[in-house]
Structure formats: C-alpha cells, structure tokens
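# Pasting the sequence and the predicted coordinates here, then a few questions.
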Amino acid sequence: PACGSGSLLLRALNETARDTVVGIYGQEKDLATINMARMNMILHGLYYADLKHGDTLNSPLHKTGFTLDTFDYIVANPPFSLKKWMKSALPNGQFKRWTANAVPPQSKGDYAFLLHILESLKSNGKGAVILPHGVLFRGNVEKGEAEAVIRKSLVEKKVIKGIIGLPANLFFGTGIPACIIILDKEHAKESKGIFMIDAKDGFVKDGSKNRLREQDIQRIFDAWESQDNIPHYSRLVPYSEIQKNEFNLNIPRYIQPKSTEIQQDLFAHLHG
C-alpha cells in the first residue's frame with residue numbers, strides 16, 4: 001500500500017520458492033518514487049509488476065468497483081503517524097476498512113494503513129507491517145478513543161499473530177522505536193494468543209543510526225519459528241491476559257526486561 005521504491009517487495013519476492021509464480025502489486029502516492037520503483041522492477045526483470053501511482057488510503061487503485069482486490073501476502077513500511085491522511089476516504093467509500101465509531105485519528109494514519117492491509121488480505125492471507133511503537137498502547141478503551149477501540153477489535157478478531165519490538169533509531173528520518181505487527185487471517189479462529197518478541201536490545205551502533213546484525217535477525221527468526229517462551233525475549237501472551245490489561249499491547253507489560261542493576265555482595269564488601 002506504500003511501496004516506495006519497491007525494495008521491500010523485492011526482498012519479499014526473494015523469499016519465495018524459485019518455481020512459484022508470483023504477482024507483484026504496489027501503490028505509491030509520490031510520483032518520483034513510484035517511477036523509481038517501476039525502474040527498479042525493470043532492472044530486476046520484473047516487467048509484469050503492477051505498480052500504480054496514487055493515494056492508497058483515499059483512492060486505492062487495486063480494486064473492483066468498491067471492493068478491494070485481495071492478496072496472499074502484504075508487506076509494508078508506511079510513513080509513521082501520517083498527519084491529515086484522510087481527504088476523501090469517508091465520503092468516497094470506505095471499502096469496508098473502518099467503521100464510523102473506529103476511524104483512525106487524522107493526526108496519526110498508522111491504523112489506517114493497518115486496516116487497509118487487513119481488508120486487502122485473502123481469507124487465508126498474511127501480512128507484516130512496520131509501525132511506530134505507539135500503536136501498541138495509544139488511546140483508552142473506556143474513553144472510546146479511536147486507536148484503542150481499533151486495537152481492541154483487532155485483538156478480539158484474533159488476527160494479530162505476533163508483535164516484534166525493534167530497537168530505537170533504526171529507520172532514517174526518525175529515532176523512535178518501531179515494531180512489526182504480523183497479521184494472519186488463516187489461523188485466527190484457533191489462535192490462543194499473540195506471540196511477542198522483545199528485540200529492542202539486539203543491535204549495533206552504525207554511525208548515527210542503529211543497525212540489526214545478522215545474528216539479531218537470526219535470533220528473531222529462530223524465536224518466531226519455534227514460538228518458544230524465552231526469558232526476557234519472547235512469549236505467547238494469552239488473550240485473557242491482554243484483556244486484563246485493557247487491550248494494551250505494550251511489550252514490557254508482558255515480557256520482563258533484563259535487569260541492568262549491578263548486584264552487590266554486601267558481606268564481601270564488609271569482610272573482604
């Protein structure tokens with residue numbers, strides 16, 4: 001939905017089996033960037049890629065009438081907390097992405113992208129989207145604040161399979177911490193909880209930014225594949241516990257961070 005120069009689409013394509021026939025679709029509202037994405041696809045021999053120029057949230061172009069086209073997999077790294085994102089989205093048809101009492105706030109478009117992705121997935125589809133960490137806890141359910149209401153609805157539908165907390169200062173243009181939210185429609189009914197990974201401490205300084213090392217990525221991958229509970233790192237959080245926390249998904253509520261306090265042996269200090 002915000003394909004940029006197409007690099008994330010290409011990375012996703014590289015993960016597919018070589019004999020698999022894959023279609024690539026994307027939309028980007030910046031004209032110079034979508035032209036760069038088209039050139040990127042041509043350089044990789046992907047002449048069939050269907051990349052369109054336009055505002056995905058207000059005027060999605062992969063559609064049939066007023067029904068969004070659906071996909072097997074969706075990956076996205078949309079702009080964080082996009083302000084004044086909604087122009088004609090409501091009067092021009094919602095495409096079933098949000099309801100009147102749960103429209104993402106104008107000041108932050110994060111959930112608008114997430115809901116668009118969810119509506120664009122097939123019934124057995126899966127998605128992964130990078131969003132600012134604030135989407136996990138902003139708003140209050142009892143006060144009826146939009147982001148909290150949307151988050152509660154997503155948890156109750158059991159479509160969030162996992163959340164991976166990333167280090168701060170990882171992306172260019174912002175220093176705030178981000179997370180990967182993984183959506184899974186196929187296994188929603190039998191889901192017992194949300195698998196959370198706290199990967200915020202696994203990085204190396206690289207100039208003014210932080211960077212994930214191969215070992216950090218591998219650790220995330222191994223934890224996700226095994227779905228094991230690893231102290232201070234990963235855990236399957238049951239829905240009952242999330243409900244008790246008023247649908248707050250902030251990872252430190254569920255995964256205790258390692259203590260950085262230096263343990264002192266007082267007896268040794270006194271007696272040598």
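Cool, the structure landed.
# And for the helix or strand hosting Arg151, what's in contact with it?
Using DSSP states H and E, Arg151 sits within helix 146-157. Contact with helix 146-157 is made by 98, 101-105, 108, 110-111, 114-115, 118, 135-136, 138-141, 160, 188, 194, 239, 242-243, 246-247, 249, as judged by Cβ atoms under 8 Å, 6 or more residues apart in numbering. Heads up, the C-betas are built off the backbone N, CA and C, glycines and all.
# mind running it again at 6 Å?
Ala102, Pro105, Tyr111, Arg138, Gly139, Asn140, Val141, Ile160, Ile242, Phe247 (Cβ atoms under 6 Å, 6 or more residues apart in numbering).
# Among the residues you listed, which lie within helices?
Judged by DSSP state H, the subset of the contacts of helix 146-157 located in helices is Tyr111, Ile242.
# Considering the contacts of helix 146-157, which possesses the most neighbours?
Counting neighbours by other Cβ atoms under 10 Å, Tyr111 comes out on top of the contacts of helix 146-157 with 25 neighbours.
# any chance you could map the strands in this structure?
Using DSSP state E, the strands found in the chain span residues 25-28, 50-53, 63-64, 67-68, 71-76, 121-132, 160-165, 178-184, 193-198, 204-206, 209-211, 234-238.
# Tabulate the ones you listed in JSON lines, adding columns for distance to Ile255 and mean pLDDT.
Shown next, in JSON lines, are the strands of the chain (distance: least, Cβ to Cβ, whole Å; pLDDT from 0 to 100):
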{"stretch": "strand 25-28", "distance to Ile255": "34", "mean pLDDT": "97"}
{"stretch": "strand 50-53", "distance to Ile255": "38", "mean pLDDT": "97"}
{"stretch": "strand 63-64", "distance to Ile255": "39", "mean pLDDT": "92"}
{"stretch": "strand 67-68", "distance to Ile255": "35", "mean pLDDT": "93"}
{"stretch": "strand 71-76", "distance to Ile255": "25", "mean pLDDT": "96"}
{"stretch": "strand 121-132", "distance to Ile255": "18", "mean pLDDT": "96"}
{"stretch": "strand 160-165", "distance to Ile255": "8", "mean pLDDT": "97"}
{"stretch": "strand 178-184", "distance to Ile255": "13", "mean pLDDT": "97"}
{"stretch": "strand 193-198", "distance to Ile255": "5", "mean pLDDT": "97"}
{"stretch": "strand 204-206", "distance to Ile255": "22", "mean pLDDT": "90"}
{"stretch": "strand 209-211", "distance to Ile255": "20", "mean pLDDT": "91"}
{"stretch": "strand 234-238", "distance to Ile255": "5", "mean pLDDT": "97"}
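# Go through those strands and name the closest to Asn35.
strand 50-53 (8.2 Å; Cβ to Cβ).
# Adjacent strands (with direction) for the closest one?
Paired neighbours of strand 50-53 in the sheet (DSSP bridges): strand 25-28 (parallel).
# Show me what the partner strand is in contact with.
Pro1, Cys3, Leu9, Ile34, Asp50, Leu51, Lys52, Gly54, Thr56, Leu61, His62.
# what about the fourth one, how many residues close to it?
Applying other Cβ under 10 Å, we find 21 other residues in the vicinity of Ile34.
# Surely it touches Asp55?
No: Ile34 lies out of contact with Asp55 (Cβ atoms under 6 Å); the separation is 11.4 Å.
# Not counting residues beside it along the chain, what's closest to Ala199?
With Cβ to Cβ, 6 or more residues apart in numbering as the criterion, Ala199 has its nearest non-adjacent residue at 5.2 Å, and that residue is Ile220.
# For the helix holding Arg151, what is the distance to the chain centroid?
A distance of 15 Å separates the centroid of the chain from that of helix 146-157, by Cα atoms, centre = their mean, to the nearest Å.
# and it, C-alpha only, in CSV?
Taking Å, rounded to 0.1, in the frame of the first residue of the first chain, the C-alpha atoms of helix 146-157 are listed here in CSV:
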residue,chain,number,x,y,z
ALA,A,146,-10.3,5.5,18.2
GLU,A,147,-6.9,3.8,18.3
ALA,A,148,-7.7,1.9,21.5
VAL,A,149,-11.1,0.8,20.1
ILE,A,150,-9.5,-0.4,16.9
ARG,A,151,-6.8,-2.3,18.8
LYS,A,152,-9.4,-4.0,21.0
SER,A,153,-11.3,-5.0,17.8
LEU,A,154,-8.2,-6.5,16.2
VAL,A,155,-7.4,-8.5,19.4
GLU,A,156,-10.9,-9.8,19.6
LYS,A,157,-10.8,-10.9,16.0
